[in-house]
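Undergrad: Compute the structure for the input listed below.
(one chain, ligands or ions: 3)
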Amino acid sequence: MNRPTAHPLSPQAPLVPPASHLVAAGYGSPLLKQALVDSLIKFDPRQQVRNPVMFVVWLGALVTAALTVSPTLFGPSHASHLYNGVVTAILVITVWFANFAEALAEGRGKAKAASLRHTSTELHARRIVADGREETVSASALNKGDLVRVERDELIPMDGEVIDGIAYVDESVITGESAPVIKEAGSDVASSVTGGTKVISDSLLIRVTASPGDSFLDRMIRLVESAQRQKTPNEIALTVLLSVLTLIFVIVAAAMAPVASYLKAQINVADLVALIVALIPTTIGALLSAIGIAGIDRTMRFNMLATSGKAVEAAGDVHTLILDKTGTITVGNRMATALLPVAGCSAARLTQAAYLASLFDNTPEGRSTATYALNEGARPVVGQDKAVGTEFSAETRMSGSDLPDGRVIRKGAVDSVSRYVTEHYSRPVPPDLTALTEQVARQGATPLAVAENGDILGVIMLSDVLKTGIRDRMEQLRTMGIRTVMVTGDNPVTATVIAAEAGLDEVVAEARPEEKLTLIRREQAQGRLVAMTGDGTNDAPALAQADVGLAMYTGTMPAKEAANLIDLDSDPTKLLDLVAIGKQMLITRGALTTFSIANDVAKYFAILPALFITALPGLNALNVMGLATPQSAILSALIFNALIIPLLIPLALRGVRFQPKSAEVMFYRNLMLYGVGGLIAPFIGIKLIDLGLALVM
Ligand SMILES: Nc1ncnc2c1ncn2[C@@H]1O[C@H](COP(=O)(O)OP(=O)(O)OP(=O)(O)O)[C@@H](O)[C@H]1O
Ligand SMILES: [K+]
Ligand SMILES: [Mg+2]
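TA: Ligands and ions are numbered 1, 2, ... in the order given. Predicted structure coming up:
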């Protein structure tokens with residue numbers, strides 16, 4: 001059978017998908033329609049209070065609506081029913097634009113959650129009961145430990161472990177990857193199946209491993225739904241800041257009323273409301289939550305699941321990135337390419353031992369060693385099927401077999417095997433082992449020592465290749481100011497060679513899993529945010545400890561539960577995309593805040609002279625835009641204030657242009673672009689609107 005790979009290496013995608021407008025960004029018409037409906041529901045005051053800036057606009061609209069009915073409600077006023085009505089309409093539209101931005105950002109997540117929910121309610125199971133009969137039950141009735149049979153073209157009802165059979169499974173509902181993967185009993189990765197995926201050949205007998213309501217699909221639905229609701233720490237801080245600014249402007253505007261009456265200037269309440277709305281940071285207030293949600297959405301489109309926006313945002317601020325070597329920096333398919341015997345050992349003896357040591361080793365390293373040794377003349381021995389296997393573990397860093405004839409054969413990391421022969425057999429380590437090890441390691445290959453009954457016979461050379469483009473990606477990270485640390489169980493020489501080839505900043509070699517945890521704690525103690533990827537159960541503590549823990553979908557359940565992000569493509573280098581998405585989210589927020597505040601300056605020049613024109617004709621000097629009438633000045637400023645929101649929605653959803661540059665360079669670039677741009681744009685915009693209004697008024 002032609003085995004499809006379970007880990008398709010996703011092509012090196014551009015850091016952030018380019019998109020020029022909403023439709024190109026994948027916001028097709030069904031999403032637009034849904035967003036229209038949702039944006040109306042969001043007028044509910046209980047939803048509005050969560051966004052204090054827009055809530056002030058909402059309250060302002062209430063006030064001007066009352067004035068539309070009764071213009072002299074709060075005292076004598078020049079403002080007509082119509083004028084108050086127009087102001088009200090603009091304010092309502094302003095709030096609606098903000099609602100729409102948020103609804104649009106939420107759209108894809110909602111659609112995804114709905115389709116996952118649909119899959120989950122469809123699931124039925126053929127449960128095997130005591131006497132071997134089958135009964136059909138709803139998937140929600142399944143318990144941990146139940147046995148189910150899934151035939152061709154049926155959906156797997158619940159997460160589980162294959163205990164019998166071999167079949168192709170289409171996992172595209174979960175991973176989006178259309179190539180089927182093979183599932184079979186026995187192997188670690190290939191035996192675990194996910195509820196909701198589809199058997200497309202043969203049939204499988206599965207033991208359920210998840211409790212009802214706690215399957216991966218259930219958790220995925222919860223993730224997609226909840227990730228969008230929580231505000232990130234940075235977003236909360238900005239909301240507080242914007243609220244304080246808003247409060248200050250409200251107070252300033254309220255203080256203007258006594259000043260005006262002292263000056264005998266009669267100020268319309270609607271104009272005061274307009275002044276407040278123009279001055280408070282409505283642009284960023286309207287787009288803030290959309291930016292955060294769009295960040296999570298982008299993570300999802302890169303086929304990663306985030307438990308919260310916090311994880312994505314933390315990725316944007318990451319200082320240290322911890323990567324393992326095999327499978328992350330290198331392709332990970334380590335192949336035996338040479339056998340080097342120590343002095344006094346024959347090549348044939350080493351070859352035979354390397355073969356026997358790999359009998360039960362189902363890892364790529366083990367399989368390739370066995371194949372290589374057989375090609376080099378190793379022969380199966382009588383009774384080898386009765387041997388006892390020792391599987392490889394990251395803790396011992398060795399694997400091997402105990403043969404019925406009494407031979408105990410081990411292979412593993414050179415330092416581990418050396419320690420093992422001295423401690424268990426009190427045997428010396430051959431003097432030329434170091435030279436052989438270095439010979440292998442200097443080529444960036446992994447040396448494995450082979451020992452038989454405590455005698456080290458030689459070294460297996462395992463070759464691996466760097467992933468394409470990895471050097472560029474490391475370079476990009478460096479320009480973004482991120483330090484890369486490779487932590488590997490391999491020996492220091494191999495590790496250093498590979499790290500130099502790939503361009504990493506630091507290496508920790510001969511590391512066991514707990515050393516990853518120690519390293520992360522050490523970095524965090526210095527106030528740095530740390531990201532790491534992992535897939536094994538022994539990575540789980542480190543994944544939980546890291547600020548950004550990205551687990552592979554093909555990894556074990558504990559790893560996926562500990563992590564705050566899951567990569568459905570199981571490609572560890574996606575951490576780099578995540579960093580880009582996080583940074584882009586932070587930068588977009590900063591750019592639009594700058595723009596929003598710079599924008600308000602022009603509105604002073606439009607509204608203040610208009611308010612006081614009769615009492616203080618000198619203020620007309622401020623009317624640098626030469627706006628036609630006080631009323632048209634105020635309306636133009638308000639209309640501009642509203643229109644800028646939908647104009648910036650695509651930017652908020654797509655994110656500002658992002659390049660892997662240092663934070664400082666990006667900061668100054670954005671200050672120029674969005675600060676200066678934000679200052680100038682409204683002068684032009686308000687003037688144009690004013691000219692337009694002159695035609696209709
Ligand atoms: N199948 C195997 N049998 C014996 N020893 C192995 C086997 N696979 C790996 N080793 C040895 O154990 C060491 C640690 O392997 P492991 O895959 O746990 O590394 P790691 O800590 O995940 O780091 P990395 O993946 O970056 O190499 C390897 O460097 C190698 O020396
Ligand atoms: K404003
Ligand atoms: Mg590894």
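Undergrad: Retrieve the pLDDT associated with the closest residue to ligand 1 within the stretch 401-550 of the chain.
TA: Relative to ligand 1, the nearest point of the stretch 401-550 of the chain is residue 489 (2.5 Å; Cβ to the nearest ligand atom). C-beta: built from backbone N, CA, C; applies to glycine. Looking at residue 489, its pLDDT is 88.
Undergrad: Kindly report the same for the one 10 residues further on.
TA: According to the prediction, residue 499 has pLDDT 95.
Undergrad: just checking, it touches residue 509?
TA: No. The pair residue 499 and residue 509 fails to qualify as a contact (Cβ atoms under 8 Å) at a distance of 9.1 Å.
Undergrad: Look at the two and report which has more neighbours.
TA: Neighbour comparison, residue 499 and residue 509: the larger count goes to residue 499, with 24 against 21 (by other Cβ atoms under 10 Å).
Undergrad: The more buried one: what's its closest spatial neighbour, skipping adjacent residues?
TA: residue 507 (4.5 Å; Cβ to Cβ, 6 or more residues apart in numbering).
Undergrad: repeat for residue 510
TA: Nearest non-adjacent residue to residue 510 (Cβ to Cβ, 6+ apart): residue 415, at 5.7 Å.
Undergrad: before we move on, what about residue 554?
TA: residue 570 (4.4 Å).
Undergrad: got it, and residue 206?
TA: Leaving out its chain neighbours, residue 206 is closest to residue 160 (Cβ to Cβ, 6+ apart), at 4.0 Å.
Undergrad: Ok, residue 604 next?
TA: residue 279 (7.3 Å).
Undergrad: which ones are touching that neighbour?
TA: Neighbour list for residue 279: 249, 252-253, 600, 603-604 [criterion: Cβ atoms under 8 Å, 6 or more residues apart in numbering].
Undergrad: Check it and give its pLDDT.
TA: pLDDT, residue 279: 89.
Undergrad: and the chain, which residues reach ligand 3?
TA: Within the chain, the positions adjacent to ligand 3 are 324, 326 by Cβ under 5 Å from the ion.
Undergrad: How is the chain partitioned into domains?
TA: Domain assignment for the chain by automatic domain parsing gives 29-112+224-304+580-696, 124-157+159-209, 320-330+466-579, 335-463.
Undergrad: looking at these, which is buried most?
TA: Across these, averaging neighbours per residue (mean count of other Cβ atoms under 10 Å) puts domain 320-330+466-579 on top, at a mean of 21.
Undergrad: Quick check: mean pLDDT of the one helix or strand residue 32 maps to?
TA: Using DSSP states H and E, residue 32 falls within helix 29-41. For helix 29-41, the mean pLDDT works out to 91.
Undergrad: need the helices for the stretch 401-550 of the chain, in chain order.
TA: 414-425, 433-441, 470-479, 492-502, 513-525, 540-545 (DSSP state H, counting those that start in this stretch).
Undergrad: right, and the ones you listed - which one's nearest residue 651?
TA: helix 470-479 (22.8 Å; Cβ to Cβ).
Undergrad: Which residues does the closest one contact?
TA: Residues outside helix 470-479 that contact it (Cβ under 8 Å, 6+ apart): 12, 15, 321, 329, 484, 501-505, 573, 576, 579, 660-662.
Undergrad: repeat for stretch 666-685
TA: By Cβ under 8 Å, 6+ apart, the residues outside stretch 666-685 that reach it are 587, 590-592, 594-599, 601-603, 605, 624-625, 637, 640, 643-644, 656, 658-659, 661.
Undergrad: The residue in the chain that ligand 2 sits nearest to: what's it in contact with?
TA: Distances between the chain and ligand 2 by Cβ to the ion are smallest at residue 282, namely 3.8 Å. The contact partners of residue 282, taken as Cβ under 8 Å, 6+ apart, are 53-54, 57, 94, 98, 596, 641, 645.
Undergrad: ok, which of the contacts of residue 279 also contact ligand 1?
TA: Taking Cβ under 6 Å from any ligand atom as the test, ligand 1 is in contact with none of the contacts of residue 279.
Undergrad: any chance of those residues in CSV, plus distance to residue 297, secondary structure and pLDDT?
TA: Converted to CSV, these look like this (distance: Cβ to Cβ, whole Å; DSSP: H, G, I helix; E, B strand; the rest coil; pLDDT from 0 to 100):
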residue, distance to residue 297, secondary structure, pLDDT
249, 32, helix, 89
252, 37, helix, 86
253, 36, helix, 84
600, 29, helix, 85
603, 32, helix, 85
604, 36, helix, 80
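Undergrad: and of those residues, the nearest to residue 462?
TA: Distances from residue 462 to the contacts of residue 279, taken by Cβ to Cβ, are shortest for residue 600, at 62.9 Å.
Undergrad: Would you mind finding the longest strand in this structure?
TA: strand 455-463 (DSSP state E).
Undergrad: Since that was my last question, I'll sign off now.
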